[in-house]
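S.K.: Can you look at this prediction? I've put the sequence above it.
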Amino acid sequence: MDFSEFTLAMRYLFDMLLEYRKHIMPSTLNHPLPSPLKSQRAYSEVFEWIRTGRYVAGERLPSEREMAELLELNHITVRRGLARLVKEGVIEKRPNVGNFVAQSTRVAPLALVLPEYLQAELAGHPWAGMVLAGGCAAIDPTKYSLSTLYYRSGRLWEDVGRALQNAGVKGILLAPDSSVQPEQVRRLLEAGVNVVATQDVSRLAVLSLPAVQPDHGMALTQLIYGLHERGHRRIRVAMYTCNPLRDELLNALRNALEQTVLGGLDHVLLDIPNPPGVALTESYRAMTDALTASQMPSAVVVPDEFAAADLFQACYRLGIRIPDDLSIAAMVDHTPRAYAVSLTAPNSVVAARQTGEIAIEQLVALTQDSEVSCRRILLRSDVVWRDSVASVETVRPTE
C-alpha cells in the first residue's frame, strides 16, 4: 500500500468513527460525563440516607433512575456514586435485582465542631478542610461518618449539644476558640460525647481532654533563632490578642528572646486585636503602622497566612521590597503557593492533615472505651526557610 492509499484508508476509518459516535453513542454526546463533585454528592446523599436510618441493613434502595430524579442528577452520575459505596462495602449490588444496604453496615456518627467564623471563611480558610480530610482518611467509612458542626462565640452547648444528642454522635473533634469554657465542654462529656481537642488550651486543662496539635511554640522559637542567626536584630512578632494558644506562644517568645538577647516583649510584640465581630482588615493596621515607624523592623513574624497576605499588600503599597527591605515569616501557613515571594513558615499543610488523622484515631479509641496512648500530642512542624527571608548582610538599606 502506497502513501496515497494509506491516506484514503485512514480518512475512511476516521469517517466511520464519526458515524459511530453520531448514531451509536448519542447519549454520551448529549450527556457529558459526570464531574467528580456531582458523583461525590450522589455518594454523600445515599450515605447519609443509610447513616440516618432512612434505609436499614438489608433494605433495597431506590433504582438508579429513581435516585437520579430524587437527587436531580444524571443517572450515570448516580451510578458512579453507588459504585464507590459498593467498593467500600456500604451497599451490595445484586445483578438484575438492585442495590441493597449491606448487612454489616454499622455507621457511627462523629463530628468536627468548629467556631462559626470558620463557616463564613471556609472557602478561604483551608485549615478546617485539611483537618477534615485527614480525619476522613483515618476512619473506616463502613463504620464511621464524619460531619461538620459550628458554634457561635460563647454558645458551644447551645448550638451543638442538642444536635449531637439527636444525631447520636458519640465523639467530636473540637476546635476551641477563645470563648470555650470548661463548663460547656463538661456538659458534652456528661451527655456521653467523647471529646478530642485540636488545640491544648490551658483553661481546659482541668478536663484532661486528649489534644492533638502542631507545636506552634517550637515553630516560633525556630523562627526567632533563625532570624537571629541571619543577622536580624530589629524583629517584630505580630500575635492575635484573642488566641487560645496566646499564653503558650508568649512563653515560647519570651524564652527565645532571653536566649538571643533581642530585648523584652514590649520591644518585640505587636498585638493584633481580634475580638469577635471585628474585621481583621481593621486589626491588621497595627502591622502597617510598624512599617511606617521611624525605625522600621528588618523582619516581621506574622501569626498566619491571612496576616501574611495583608502584610504583603501593605509592603506593595508602600514600595517596600521583600526580602530586600523587609523579611517576612509566618508561624502558620496553609497556602504556601499564594505569594509572589515564597513565604518562610512551617509545613502547616502536612501538620493540619496529621492533626485530623491522629485526633480521629484518638477519638475512635475513646468511642470504643479504649485508653488513648497519650493525652497531649504535639506534632513537630519544622520551619521551611524560603525566599521571604534574607540574611541581614544582603538586605539593602531603605532609601
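M.R.: Now that the structure is in, tell me what you want to look at. Numbers count the residues shown, from 1 in each chain.

S.K.: for Tyr62, what are its contacts?
M.R.: Small correction: residue 62 is Pro, not Tyr. Pro62 sits next to Leu70 when contact means CB atoms under 8 Å, 6 or more residues apart in numbering. C-beta coordinates here come from the backbone N, C-alpha and C atoms, glycine included.

S.K.: On the pLDDT front, check the closest residue to Leu318 other than its chain neighbours for me.
M.R.: The shortest distance from Leu318 to any non-neighbouring residue, by CB to CB, 6 or more residues apart in numbering, is to Leu291 (6.0 Å). At Leu291, the model reports a pLDDT of 89.

S.K.: quick one: Leu291 and Leu326 touch, right?
M.R.: Yes: between Leu291 and Leu326 there is a contact under CB atoms under 8 Å: 7.3 Å.

S.K.: who touches both of these two?
M.R.: Joint contacts of Leu291 and Leu326 (CB under 8 Å, 6+ apart) are Pro297, Cys315, Ile320.

S.K.: For the second one, grab phi and psi.
M.R.: Translated: Cys315. phi -60, psi -40 (degrees, to the nearest 10).

S.K.: Skip the chain neighbours and tell me the closest residue to it.
M.R.: Ile322 (5.7 Å).

S.K.: Count residues in the vicinity of that neighbour, would you?
M.R.: Using other CB atoms under 10 Å, Ile322 has 21 neighbouring residues.

S.K.: How about the secondary structure of it?
M.R.: Here Ile322 is coil, with the state taken from DSSP: H, G, I helix; E, B strand; the rest coil.

S.K.: ok, so what distance separates the residue lying closest to Trp385 once chain neighbours are set aside from Ser388?
M.R.: With CB to CB, 6+ apart as the criterion, Trp385 has its nearest non-adjacent residue at 5.3 Å, and that residue is Thr344. For Thr344, the distance to Ser388 (CB to CB, to the nearest Å) stands at 5 Å.

S.K.: Now do the shared contacts for these two.
M.R.: Counting by CB under 8 Å, 6+ apart, the residues touching both Thr344 and Ser388 are Ser327, Ile328, Ala329.

S.K.: Looking at those, spot the one nearest Ser348.
M.R.: Proximity of these to Ser348, judged by CB to CB, is greatest for Ala329, which lies at 12.4 Å.

S.K.: ok, and the closest non-adjacent residue to that closest one?
M.R.: Thr344 (4.1 Å).

S.K.: Let me know how buried that neighbour is, in neighbour terms.
M.R.: Thr344: 25 surrounding residues under other CB under 10 Å.

S.K.: Could you give the backbone dihedrals for it?
M.R.: phi -70, psi 120.
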